[in-house]
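1. sequence unavailable; structure follows:
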């Protein structure tokens with residue numbers, strides 16, 4: 001039976017990670033993997049998370065199942081972090097379940113959409129995170145793309161985006177990055193979010209917001225502007241959220257999928273479907289990471305400490321963006337990389353050719369995706385000059 005299987009190519013990011021591990025260059029730099037790293041090149045456990053873990057374990061008396069919906073306190077507290085004081089939460093219009101990471105949230109959402117409207121298509125930005133299409137498409141939904149990024153000036157191509165979205169049929173969904181667009185780093189501004197909300201209301205498509213980096217752009221509250229505006233002005237919004245980055249709990253796989261419904265009855269029906277979907281895929285989610293996040297969000301002292309830590313991570317990334325831009329300007333005597341400073345989140349397209357990327361990898365041990373998507377969080381004060389020197393060398397020929 002299984003002898004018919006053939007070897008599949010490695011996932012681009014996972015394959016890049018393997019190449020990096022095998023590289024013997026002592027100065028090698030990993031700008032490929034999408035995880036936060038500190039100045040020492042480590043992905044730390046946040047102090048707020050460590051204390052929360054201790055508190056959770058100290059009073060835990062059972063390892064019984066948590067149920068398909070997951071940790072209910074987590075669902076409530078993360079929903080509030082996402083939607084703020086939205087009346088949808090008090091009116092019972094938001095149905096949410098805990099999932100194994102943002103990936104689990106995306107897949108459960110796709111299955112819910114399929115159950116509700118099998119003919120619906122999901123429109124994703126070009127470019128988008130590499131795993132969006134398999135996670136959503138493998139549920140059996142059609143996937144289309146809309147233009148998003150303009151490589152000429154490394155910004156959002158908003159005119160082309162809106163022209164494309166104006167053609168989206170009623171009943172389809174449009175996937176939007178809540179903040180810190182992955183992979184481009186180019187974000188929508190508040191005025192653009194308002195225009196998208198108006199268009200969605202007029203055309204009848206449903207926004208589907210992936211919120212994976214809340215707090216890494218401009219701030220926890222500011223980063224939620226687009227999602228919250230949509231929730232205020234539209235009858236339906238689908239949300240997939242991840243705690244991997246802003247809580248640093250990558251390996252714990254902590255996520256949430258939610259549906260803002262037109263009324264409480266629809267929300268209850270959606271909740272029953274989501275739990276059935278969960279039961280048929282992985283039965284119920286793990287508890288530890290979600291319990292820790294809930295502890296952080298509901299303990300005033302821990303929440304205050306967490307807010308400081310998120311600010312520190314965000315400021316560090318934005319500082320590296322500025323340093324990379326100014327250092328490259330000093331090397332090239334031009335502001336070719338000025339856009340990196342304007343962008344937000346962990347990623348940027350550096351605008352390098354694939355040949356230049358491969359030269360960086362082969363000659364300097366600097367690893368990024370072939371598209372030149374670089375994880376800015378992989379830079380630090382020890383490797384920044386080396387990376388800038390190498391990039392300058394390859395772009396100058």
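-> Arrived safely, thanks for sending. Since the model is a prediction, treat every value here as computed from it, not as a measurement.

2. what are the boundaries of the strands in the stretch 1-150 of the chain?
-> For the stretch 1-150 of the chain, the strands defined by DSSP state E, counting those that start in this stretch occupy 29-30, 94-100, 121-126, 142-147, 149-150.

3. got those as JSON lines, with mean pLDDT and mean neighbour count columns?
-> All C-beta atoms are positioned from the backbone trio N, CA, C, and that covers glycine. Listed next are the strands of the stretch 1-150 of the chain as JSON lines, based on pLDDT from 0 to 100; neighbours: other C-beta atoms under 10 Å:
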{"stretch": "strand 29-30", "mean pLDDT": "95", "mean neighbour count": "23"}
{"stretch": "strand 94-100", "mean pLDDT": "98", "mean neighbour count": "27"}
{"stretch": "strand 121-126", "mean pLDDT": "98", "mean neighbour count": "22"}
{"stretch": "strand 142-147", "mean pLDDT": "98", "mean neighbour count": "16"}
{"stretch": "strand 149-150", "mean pLDDT": "96", "mean neighbour count": "19"}
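
4. those: which one's closest to residue 269?
-> strand 94-100 (8.5 Å; C-beta to C-beta).

5. circling back to that earlier point, let's have the strands of the stretch 1-150 of the chain in CSV, adding distance to residue 315.
-> Below are the strands of the stretch 1-150 of the chain laid out as CSV (distance: least, C-beta to C-beta, whole Å):
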stretch, distance to residue 315
strand 29-30, 21
strand 94-100, 30
strand 121-126, 27
strand 142-147, 32
strand 149-150, 25
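
6. can you tell me which residues contact residue 92?
-> Counting by C-beta atoms under 8 Å, 6 or more residues apart in numbering, residue 92 makes contact with 264, 267, 268.

7. which one of these is nearest to residue 43?
-> Relative to residue 43, the closest of these is residue 267; by C-beta to C-beta it sits at 36.2 Å.

8. for residue 220, find the nearest of the strands of the stretch 1-150 of the chain.
-> Of these, the one closest to residue 220 (C-beta to C-beta) turns out to be strand 94-100, at 18.1 Å.

9. the closest one: how far from the chain's middle?
-> Its chain's C-alpha centre and that of strand 94-100 lie 16 Å apart, by C-alpha atoms, centre = their mean, to the nearest Å.

10. nearest the geometric middle of this structure, what residue?
-> residue 212 (2.9 Å; C-alpha atoms, centre = their mean).

11. quick one, phi psi at it?
-> When read as degrees, to the nearest 10, the backbone of residue 212 gives phi -110, psi -10.

12. so it touches residue 180, yeah?
-> Yes - contact criterion C-beta atoms under 8 Å: residue 212 and residue 180 qualify, at 7.5 Å.

13. what ranges does the stretch 151-300 of the chain have for its strands?
-> So, for the stretch 151-300 of the chain - with DSSP E, counting those that start in this stretch - the strands run 155-156, 173-177, 206-211, 237-242, 254-260.

14. mean neighbour count, these: which tops it?
-> Across the strands of the stretch 151-300 of the chain, averaging neighbours per residue (mean count of other C-beta atoms under 10 Å) puts strand 254-260 on top, at a mean of 29.

15. ok, that strand: who's next to it in the sheet?
-> Looking at strand 254-260 with DSSP bridges, its partner strands are strand 94-100 (antiparallel), strand 237-242 (antiparallel).

16. how much space separates residue 273 from residue 142?
-> Computed with C-beta to C-beta, to the nearest Å, the distance linking residue 273 and residue 142 is 20 Å.

17. find the nearest non-adjacent residue to residue 212, please.
-> Distance criterion C-beta to C-beta, 6 or more residues apart in numbering; nearest residue to residue 212, sequence neighbours excluded, is residue 242 at 4.4 Å.

18. can you give me every residue that contacts that neighbour?
-> By C-beta under 8 Å, 6+ apart, the contact list for residue 242 reads 101, 102, 105, 211, 212, 254, 255.

19. right, I'll call it a day here.
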